[in-house]
Structure formats: structure tokens, C-alpha cells
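Trainee: let me see the structure of the following:
(2 chains)
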Amino acid sequence: MSTASTATGELADVLSRYEVVLGLEVHVELGTRTKMFCSCPTVFGAEPNTQICPVCLGLPGALPVVNAVGVESAIRIGLALDCSIAEWCRFARKNYFYPDMPKNFQTSQYDEPICFDGALDVDVDGKTVRIGIERAHMEEDTGKSTHVGGATGRIHGATHSLVDFNRAGIPLVEIVTKPIVGTGADAPAVARAYVAAIRDIVRALGVSDARMDQGSVRADVNVSLMPIGASEFGTRTETKNVNSLRSVERTVRYEMVRQAQILDDGGVIVQETRHFNEATGETVGGRTKETATDYRYFPEPDLVPVAPDPAWVAELRAALPELPAAKRTRLRAEWGLSELDMQAIDNAGAFELIEATVAAGAGPESARKWWLGELSRHANEAGVELSELSVTPAHVAELQSLVDGGRLNDKLARGVLAGVLAGEGTPTEVMTARGVEVVSDTGALTTAVDEAIAANPDVAEKVRSGKVAAAGVLVGAVMKTTRGQADAKTVRELILGRLGVQ
Amino acid sequence: MAAISREEVAHLARLARLAVTEDELDTFAGQLDQILHSVARVGEVAADDIPPTSHAVPLTNVMRPDEPRPGLSREAALAGAPAAEDHRFRVPRILSEEG
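Mentor: Sure, this is the predicted structure:
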């Protein structure tokens, strides 16, 4: 039995006794040029501790001032998630100690989030699931620790840690769902689809680069189980900082199975934060969660309230770009595809690539053919996502235009594509360098045709006498002498013309 | 009735990472109780038409354009650290995963 079907069986078993409740907290790192409360730059990958100042280091006497674009981005995210926008709200200090947080508190929002009460529809296998949005609030990121002395950079066994505060103070918007109930066996897929939808929305808004691999979108995944028919939710665990779609899905599935085993044995679930281990696919327990009162939230005295002018909010709403769900519906119609076709495109992660390829001039059908066919095959073989291939939508459009212009046939185009993937250059460069262009020079082709006829007089005679099918042998001979670089249809027409059987 | 218990003071001390002796717990519990009772009297005079105040200045929407400005040099920032290593702030062993 495959691992996947074992997992499905386990979930079905869990769901025969329990209902699952999910809660997702997605942190979006904004793509602002400066930090949330100071003017330090936010360039990714800068040398350690070169983008810091008295404000983000929490030095005495420093005064934070909020980033206008940070506020605007938070409001735009809220609007895209159908949230109400607070007319007046404050920042709050969340007090706790951790070495990656220099101020000993995180500037966040507590009971007055800037955005609240929204909803987002996500599609899972053709079914629409409405996810309630509790709130979206503004806060700041922490620094980054490197652990020294233990095995492979882990906290366990480390002698000390080193902290880089470049990331401390980078703007975050935290989007919190209402409890998600009734998803059953779809729970892992719903969690994944929701995080993917948030990622796509913030990318469409242009407020974040939304790179999960760089941590600019990451999810805290809350999972709990309750006996079927129960009215009160079970105790939840919160798996922190899950940073890929696949891991979000695996976390939900793993926690459902793990918690069911504990509950089956008469145990209790401890409310705690957990960590997902990519290598083992398991979550491991961490700190027992502090309660909200332990954070001793209070209004941030150093930042004045934010009161977005309703006229400004209306302007931002009017200027929202077309959101991914609407775009998907529109392009599906424009491309003339079925819902099933679109699901195949979504599952391959090819939607944006195809869109960009069409924008670069290719027809939708050929764009789809390249990305779901030849390129998916390459990506699968290499074990990477389509978007990670070295070929770009512009390359694919260029390749298709060479085919459409008769300079490459399908077979030659596949070879040229392999060259592009191997880093040999653009399709035109690869075609030229490899000398594989279709021979369209009729003079050269006619010579090759005449040679083929002269070399195969018996076959030529058969064709002349009306056995047109025999011409295939002559076509093959011409293709051989031109090393496949002729257009077979043209060659056939030339041969039949030469032999007078048009 | 006391506004704050000895146990609550001990809990707050732990959250604030303050080492407080048993004797000090008694002292602080008594003092904090007095402070809380005094502050609570404000609530007696504040009517419904007086909203709770968090800021002493009548300002909103003080914002900054998203324009980078130079901060501290790395040398200056690390000069104030108790310990530094490899251009980073060196901190003692961390016992558990993040907050």
C-alpha cells in the first residue's frame, strides 16, 4: 500500500470518531522599503546587523513612527479579504522575553486590529469552502538566531547563540481565521488551499514578494479534535512557522492522527506550540503556550492611534487590482478551458506561468501544452516546481513563435527547449547555435528531393503510377539527408509535385 | 479585599524575569495592593462620557514615508553589546524554541 493511501486510511479512521477544527494564522512579510516603525532598509540577505538603528534595537529614548505604506498595505490586504476596516485603532505591546526580540516586547495590535470580520472562498477539488477571517493586524518581525555548538545549528546542545537583528522590525501583517469546522477529510487540503490563496492575493496586491521559501509568508497551524457531535472544541496545538504549502498540509494530517491516538488512549491534548520537522514529516512539542494575559498587552504609548480616513479607504478599495479568483474565472473563459483543465493547471502550479506565456504572445493552447507537457515532465524528473525551471514564459512564447513561423517543427522545438533548459541561451540562440532550423530554402530541398527520387527509382515509379502512400519512403530519405530539419509536409508536397501526382 | 494576591505577584515577577525573595513578595504584594486601590479611585470619578485615555496627546495618523535612512553602523551597534561574535550579538544558551 502506498504512503498516500495509508495516510488517507488513517484520516478516515480519525474522522469516524472525531471532528477536526482548524485555525490558521498567516504572517505576511510586507515588501516595504523600510521597517514598520523605523527607516532602516529591509533588503533580504544583507550582511548581519547592517540594517539596524536605535528604534529596532530598542535602545533607550528611541521613538518609533509607523510606516505609511505598511498601514496602507495592511488595509489593502483587509479589503481584499472582504474585511471591515477599523475607523480608529491602536498598537499594543506584547511582552515576553526572547533573545531575537531586542525590545523585550513585540509591537503588535491586540483588541483593536486594523482589519476584522472578513471572508475568503477557497476551492478544493471543485468544492468551494468559505473561510471566515477573524482579523488582520499589523506587527513586526523578530531577529534571526544562529545556534552554535550543537549538532547542525539546532538549539538542542548549543553552547550559545548569535543574533542578527536585520529582520527585527520588518513589517508583518498577521491574518487570523475564525475556527474552520466541517472540512472533514479535506482539512489538510483546505489548509493548504487557504495559505496558497493568501499567498496569491498578497502577491497580486504587490504588498509582498510572497516567497514562502524565504519566510515572507508563513503559517501557524492550529488543529484540534472533538468527538463527533460535541459542542465544545477540543484543546488545540499550534504548529509554528510552517513555511511551505506541502508542510501546511502534512502538519494538519500529522496532528489529526497524533491527537486522535492520544485521545483514543484516554489522554489529554496539551495546549502548546509545536514545530514541524520537514525531514521526518512530524511535529514535535515545544513550549507550553502562555495565555494572552501572560503577555500583559497594553496600548503602545510611543505610537499614536491610526484612524484611516474613510475616503482614503474608499480610494484604496476602488484601486484594488483584479484578485486571483476573479482572474482565474476570467482567464478560464478566455482560454476556453474546462474546470478540470484549470484544476490540472492549478495542481501543476502553472497558472501564472501560462498567463505570462500568453501575455508574451503565445496562444493559450500552445502555452498550456508546453507547461503541462514537456516542461512538467522535465520538472518532475528534476524534482522541482515548474517555476524553478530555468526556462521563462518569454522563452516558451519565443519557442512557439519559431514553431508557428515554420522555423522549427515540434520535434526540433523539443530539442531546442532542452537546450534552453540546459542554459544554452534563448530558443533562437539555441536554434542558431545547434544549426537545427527547418530547411525552408526550397532550392536546397528540391535538390534533396531529386536525389531521393534518383536513388529510389522503383519507389518513384510506384508513386507515379498512383501508389501515393509509397511516397513516405522518399519523405523519409529527404528527412534523413536534411537531418530532420525539413518540414515533412512541405517535402511530401515537393515530391508529389516532382512526380506529377498532385 | 486585596486587589492582587501574593501568587499573582510571584507570577508577574516570573514573567518579568525578576528574582524576588519570599519576604519581598509579601512587601510588594502589600505595596501593589495599595497602588491598585489608589488607581481604582480614578474609576469612581470617571463617568461614561469620559473614555479611557491611553495617550496624553490628541494626535492620530502620525506616519512616516517609506524612505530608507541610514541607521547605526554595525560596529557602533555591536559596541554596546555585552558580547559579539561573527558580526552578531552573542547571547547565552537558549533553552527552548521561540515565543
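Trainee: shouldn't residue A:269 be in contact with residue A:224?
Mentor: Yes. Counting by Cβ atoms under 8 Å, residue A:269 touches residue A:224, with 7.1 Å between them. Yep, even glycine has a C-beta here, placed from its N, CA and C like the rest.
Trainee: so between the two, which is more surrounded?
Mentor: When neighbours are counted by other Cβ atoms under 10 Å in any protein chain shown, residue A:269 and residue A:224 differ, and residue A:224 comes out ahead with 22 against 17.
Trainee: can you tell me how far that one is from chain B?
Mentor: When Cβ to the nearest Cβ, to the nearest Å is the yardstick, residue A:224 and chain B sit 21 Å from each other.
Trainee: name the nearest residue to that residue, ignoring sequence neighbours.
Mentor: Among residues not flanking residue A:224 along the chain, residue A:236 sits closest, at 3.8 Å (Cβ to Cβ, 6 or more residues apart in numbering or on different chains).
Trainee: what's near enough to touch that neighbour?
Mentor: Contacts for residue A:236 (Cβ atoms under 8 Å, 6 or more residues apart in numbering or on different chains) come out as A:21, A:23, A:222-224, A:269, A:271.
Trainee: first to last residue in stretch A:463-483, what's the distance?
Mentor: Using Cα to Cα, to the nearest Å, the end-to-end distance of stretch A:463-483 comes to 24 Å.
Trainee: buried ones in that stretch, by neighbour count?
Mentor: Buried residues in stretch A:463-483, counted by 16 or more other Cβ atoms under 10 Å in any protein chain shown: A:463, A:470-471, A:473-475, A:477-479, A:481-482.
Trainee: between these, which sits nearest chain B?
Mentor: residue A:482 (59.3 Å; Cβ to the nearest Cβ).
Trainee: about what we covered before: the buried residues of stretch A:463-483 into TSV, with extra columns for secondary structure and distance to chain B?
Mentor: As requested, the buried residues of stretch A:463-483 are arranged in TSV below (DSSP: H, G, I helix; E, B strand; the rest coil; distance: Cβ to the nearest Cβ, whole Å):
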residue	secondary structure	distance to chain B
A:463	helix	74
A:470	helix	74
A:471	helix	70
A:473	helix	71
A:474	helix	70
A:475	helix	65
A:477	helix	68
A:478	helix	64
A:479	helix	61
A:481	helix	64
A:482	coil	59
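Trainee: what packs against the lengthiest helix in chain B?
Mentor: Ranked by number of residues, the top helix in chain B under DSSP state H is helix B:22-45. Applying 3 or more Cβ pairs under 8 Å, 6 or more residues apart in numbering or on different chains; DSSP states H and E, one finds that helix B:22-45 contacts helix B:6-15.
Trainee: give me the neighbour count for residue 91.
Mentor: All of this is about chain A. Around residue A:91 there are 27 residues (other Cβ under 10 Å).
Trainee: was after chain B, sorry
Mentor: 18.
Trainee: how long is stretch A:91-104 end to end?
Mentor: 16 Å.
Trainee: got the buried residues for it?
Mentor: For stretch A:91-104, burial by neighbour count (16+ other Cβ under 10 Å) applies to A:91-96, A:98-103.
Trainee: which residue comes closest to residue A:298 once chain neighbours are left out?
Mentor: residue A:93 (5.9 Å).
Trainee: got the phi and psi for that neighbour?
Mentor: With angles defined as degrees, to the nearest 10, residue A:93 sits at phi -90, psi 130.
Trainee: can I assume it is in contact with residue A:300?
Mentor: Yes. With contact defined as Cβ under 8 Å, residue A:93 reaches residue A:300; the gap is 5.4 Å.
Trainee: and for those two, which residues touch both?
Mentor: residue A:107.
Trainee: and residue 60, what pLDDT?
Mentor: Chain wasn't specified; assuming chain A. On the pLDDT scale, residue A:60 is placed at 93.
Trainee: not quite, I wanted chain B
Mentor: pLDDT, residue B:60: 96.
Trainee: for it, what are its contacts?
Mentor: Counting by Cβ under 8 Å, 6+ apart, residue B:60 has contacts A:88, A:304-307.
Trainee: go again using 7 Å as the cut-off
Mentor: Residues counted as contacts of residue B:60 (Cβ atoms under 7 Å, 6 or more residues apart in numbering or on different chains) are A:304-307.
Trainee: from those residues, which are also near chain B?
Mentor: Residues of those in contact with chain B (Cβ under 7 Å from any Cβ of the partner chain): A:304-307.
Trainee: for ChimeraX, write the selection for the buried entries among those.
Mentor: A single ChimeraX command selects the buried members of the ones next to chain B among the contacts of residue B:60 (16+ other Cβ under 10 Å):
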select /A:304,305,306
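Trainee: out of the ones next to chain B among the contacts of residue B:60, which comes closest to residue A:438?
Mentor: Checking these against residue A:438 with Cβ to Cβ, the nearest one is residue A:306 at 63.0 Å.
Trainee: residue B:61 is in contact with the closest one, correct?
Mentor: Yes. If you go by Cβ atoms under 7 Å, residue A:306 and residue B:61 touch, sitting 6.2 Å apart.
Trainee: can you classify the residue nearest to residue A:402 when sequence neighbours are not counted by secondary structure?
Mentor: Closest residue to residue A:402 apart from its sequence neighbours, by Cβ to Cβ, 6+ apart: residue A:408 at 4.5 Å. Under DSSP: H, G, I helix; E, B strand; the rest coil, residue A:408 falls in the coil class.
Trainee: check the one 10 residues further on too.
Mentor: Taken by three-state DSSP, the conformation at residue A:418 corresponds to helix.
Trainee: number of residues surrounding it?
Mentor: For residue A:418, the neighbour count with other Cβ under 10 Å is 15.
Trainee: same check on residue A:185?
Mentor: Using other Cβ under 10 Å: residue A:185 sits among 15 other residues.
Trainee: can I take it that it is in a helix?
Mentor: Yes. When classified by three-state DSSP, residue A:185 is found to be part of a helix.
Trainee: element containing the residue most central in space within chain A?
Mentor: Nearest to the geometric centre of chain A sits residue A:196, at 6.1 Å (Cα atoms, centre = their mean). Taking DSSP states H and E as the definition, one finds residue A:196 inside helix A:187-205.
Trainee: please list the residues outside that helix that contact it.
Mentor: A:20, A:22, A:24, A:26, A:28, A:76-77, A:80, A:120, A:122-124, A:129, A:131, A:175, A:180, A:183, A:208, A:210, A:212, A:217, A:219, A:221, A:245, A:248-249, A:252-253, A:256, A:321, A:323-324.
Trainee: just the buried subset of those, please.
Mentor: A:20, A:22, A:24, A:26, A:28, A:76-77, A:80, A:120, A:122-124, A:129, A:131, A:175, A:180, A:183, A:208, A:210, A:212, A:217, A:219, A:221, A:245, A:248-249, A:252-253, A:256, A:323-324.
Trainee: what residues sit buried inside stretch A:436-450?
Mentor: A:436-439, A:445, A:448-449.
Trainee: for residue 80, which non-adjacent residue is spatially closest?
Mentor: All of this is about chain A. Going by Cβ to Cβ, 6+ apart, residue A:80 has residue A:201 as its nearest residue, at 5.2 Å.
Trainee: that's the other chain; I wanted chain B
Mentor: In space, residue B:80 is closest to residue A:59, 7.6 Å off (Cβ to Cβ, 6+ apart).
Trainee: residues touching the residue in the stretch 51-200 of chain A that chain B sits nearest to, list them.
Mentor: Closest contact between the stretch 51-200 of chain A and chain B, by Cβ to the nearest Cβ, is at residue A:53 (2.9 Å). Counting by Cβ under 7 Å, 6+ apart, residue A:53 touches A:38, A:40, B:71-72.
Trainee: residue A:42 against residue A:34, yeah?
Mentor: Yes. Using Cβ under 7 Å, residue A:42 is in contact with residue A:34, at 6.3 Å.
Trainee: tell me how many other residues surround residue 38.
Mentor: By default, I'm working from chain A. Applying other Cβ under 10 Å, we find 26 residues neighbouring residue A:38.
Trainee: the intended chain is chain B.
Mentor: 10.
Trainee: could you check how far the residue lying closest to residue A:119 once chain neighbours are set aside is from residue A:175?
Mentor: Of all residues not flanking residue A:119 in the chain, residue A:82 sits nearest, at 5.2 Å (Cβ to Cβ, 6+ apart). Distance, residue A:82 to residue A:175, by Cβ to Cβ, to the nearest Å: 12 Å.
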